[in-house]
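model this:
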Amino acid sequence: MYLITYLKELRLGLIIGSMVLALNTCYSQSTNSEFLAAEKATGSLKLEEARQLYGLVIETSNVTNEYKCKALRRLAVQDWKFYRNYTSAKQRALEADSIGNRKTNTWLVLNRIEKESGKFILAKKAADMALNFAESRSDSIKANYAFCKTILEETTFQIQNNQNYDTAELLIASQKLKDLLFVNPTNINAADVLLGVSLLLKDGPEALNAWLAYFRFSDSGKAHDYLKEAAESLNEILPEWKNKVLSDNETIKLYTAIGQSRFYKYVDLLSKTKITSKVNNSDTKHLIRYSNYLEDLRVKTNEYYRKTAIKDDDNINFIEMLTSKNQKLYDVLINQKLEKDTFSIRNFRRVIRQKFGAVQLVARTNSTDITGLVMGHIVNERVRTIEQYGYKADFTFTELDMMISNNYASWFWEDRGAGGYAIRNGFLRIKEMFKDLAINAWSVVTDSTTIKRYQKIIDQNLKYSNLTSNKSNVLYGLSYKLELDALSSLYMEVYNKGFRNTDLQLKFIEHYEAFRDNATMFAHEGRHSIDRALLADEYREMGGAMIEYRGRLSQIAFSESPKLELMGMIDAIGSHAAGQANKMIVDVAEKWILGHSDSIEDYDNTKLPISQLYRMTNEQIRECYRDVDPLYIKQ
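As a prediction, the model looks like this:
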């Protein structure tokens, strides 16, 4: 009901304020062009170019405080993440704070800088400041989560360094996380942290609740086949575990179940405490050894990425490092008396998949030619037959979580990256790339501050644009318009079915995730499987851009919400294969609109044709992309 009321008020406000906004249009579009150019350079993985452009944003006199603060926050993160310049990073963030726009976001950046530099007291203070400046429920959730995550990471550091830790702080974090999950039960990042906190508090019942919330099972009996054994073991141990040390058998069963559900980081953490008994069986030792291997590999891989980004001549030989670490782990895991000198990449991958559900690949992506690591852990796997335009392919859907690395580009960007990888007859889906999407989608249609922010971007870049407007700015605003329209439509669809309150949120997110999975995984990646089988050797000869373009054609044409898929493409044009594919997608829409303007409701001749994309119906959008698809034409 909130959304309906808000949209009515918003329409009234827009009518009253339209003349003022129109007068400010030229000014607004000119001031954010430099920032959008910097974002585009970031999207093309051009670090130094992006930094220069962000610097320009800060120095340009007519740039609004909003964009100056955004640029300062970007530079602060870059100073710390890429150059390890703590002083410069803090100075930039504090400068953004002094300007004052979106102070919660600024203090969340400071929380990250302090936390990653080991200054946990300052990190907790920064999270408190982020909460103090919260402008919306969404801001409050982010700030509280950052505070609780800082407490868990501080406790982890203390345990690893044989220091005493503060149980009282863990109890505070536990309560905050439970409150957060009560309001937002789909926040699986909060569930992850609550699981770690609950285990350290010897609070078995709450640990089980957190585990179920993470995987979104209503109870242990609803776990899917891949996690059923882990669910049964945890359901046997955790409900009875409260403020006591577990026995040897209970410890072994707990470690095994946590490992089966891929929370290896908590196996290592528990093994260093007095919470569980000290067990010496080989399987448990292997779990702990593997947990240590993962953390060491994560640190070394991220350092390789960092030095690659800043073109450090002293960079490590990544392949040599990886091979060395893999061989050392392999030697521990197998019985050398029976399998002497059997190490190979193939054998290593077979062993870690059998014992730990791990998948490890060394690969390049369509975003960059830099070699990177893809390593995560299987939490679900199933086979599905994909059919498009009369062509079929069996498609193995493997979901990876607890990622050690999702390749270089994903590390570079953080807020985006590869959602998965096509493999022979199947696809690897990277769960962490989708963890925040559903939560953010819910905020877009229920959080007043977020809705106003979206509307402001739409007004500045799209609504008051004209035939001479900067096309990049128009596409930027259009992406927000498509997303807001698609999510509002989904909200109303679920609302009109009678769902309210928490049920409304859960059903909305269930539909949202189904829409995205069917489009991005089964339609897009399924298309790659069909193309690979159909085209054989010609598949690779097409080149990365054309392969991605064909995947996008299916992603849009077979989507229940094509605007939801388009919104992530039209504003991500770049020089890499994915960016080139996105440009082709925009070109197709532009050509279709020019040829069918009379069939588009309320078409406006005073605006760029591409700016009318949001006016097209879902079926018109599907038709637009079906008509240029070689498979559809061939059919």
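
show me the shaky parts of the stretch 1-150 of the chain.
1-31 (pLDDT under 70).

go again with 80.
Confidence mapping of the stretch 1-150 of the chain against pLDDT under 80 gives the ranges 1-32.

do the same with the chain
1-32, 277, 279-280, 313, 335-341, 365-367, 422, 424-425, 634-635.

could you rerun that using 50?
1-30 (pLDDT under 50).

assumed Leu361 was part of a strand.
Yes: counting by DSSP: H, G, I helix; E, B strand; the rest coil, Leu361 is found in a strand.

beta partners for it?
Val374 (DSSP bridges).

so how many other residues sit close to it?
Using other CB atoms under 10 Å, Leu361 has 15 neighbouring residues. No exception for glycine: its C-beta is placed from N, CA and C like everyone else's.

kindly report the same for the one 3 residues further on.
For Arg364, the tally of surrounding residues (other CB under 10 Å) stands at 14.

what's near enough to touch it?
Counting by CB atoms under 8 Å, 6 or more residues apart in numbering, Arg364 touches Ile370, Thr371, Gly372, Asn407.

what about it, which helix or strand?
strand 358-365 (DSSP states H and E).

off-centre distance for that strand?
Taking the mean of its C-alpha atoms, strand 358-365 sits 18 Å from the chain's own mean (CA atoms, centre = their mean, to the nearest Å).

mind listing which of the contacts of Arg364 are in helices?
Asn407 (DSSP state H).

just the buried residues of the contacts of Arg364.
By neighbour count, with 16 or more other CB atoms under 10 Å, the contacts of Arg364 hold Ile370, Gly372, Asn407 as buried.

make sure the last one is actually in contact with Gly419.
No: counting by CB atoms under 8 Å, Gly419 is not a contact partner of Asn407; they are 11.5 Å apart.

what's next to stretch 404-418, contact-wise?
By CB under 8 Å, 6+ apart, stretch 404-418 touches 42-43, 45, 47, 294, 297-298, 301-302, 305, 308-309, 363-365, 367-368, 370-376, 430, 432-433.

domains for this structure, by residue range?
Annotated domains of the chain cover 166-278, 291-432, 437-634 [automatic domain parsing].

quick check: which of those is nearest to Ala93?
With CB to CB, the closest approach to Ala93 among these belongs to domain 291-432: 16.4 Å.

next, format the contacts of Arg364 as a markdown table and append distance to Ala514.
Below are those laid out as a markdown table (distance: CB to CB, whole Å):
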| residue | distance to Ala514 |
| --- | --- |
| Ile370 | 34 |
| Thr371 | 35 |
| Gly372 | 30 |
| Asn407 | 26 |
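
nearest to Arg102, of the contacts of Arg364?
Among the contacts of Arg364, and counting by CB to CB, the member closest to Arg102 is Asn407, at 29.8 Å.

so what's that closest one closest to, chain neighbours aside?
Gly372 (3.7 Å; CB to CB, 6 or more residues apart in numbering).

list the contacts of that neighbour.
Counting by CB under 8 Å, 6+ apart, Gly372 has contacts Tyr305, Val362, Ala363, Arg364, Thr365, Ser405, Asn407, Tyr408, Ala409, Trp411.

can I take it that the last one is in a helix?
Looking back up the chat, that one is Trp411. Yes: according to three-state DSSP, Trp411 belongs to a helix.

ok, it - how many residues close by?
Neighbours of Trp411 using other CB under 10 Å come to 20.

could you check how far it is from Arg74?
Trp411 is 16 Å from Arg74, where distance means CB to CB, to the nearest Å.

one more: the third one?
Taking CB to CB as the criterion, Ala363 is separated from Arg74 by 28 Å.

ditto for the fourth one
Separation of Arg364 from Arg74 (CB to CB) stands at 26 Å.

check contacts around the closest residue to Glu432 other than its chain neighbours.
Once flanking residues are discounted, Glu432 sits nearest to Met403: 5.4 Å by CB to CB, 6+ apart. Residues near Met403 by CB under 8 Å, 6+ apart: Met375, Gly376, Ile430, Glu432.
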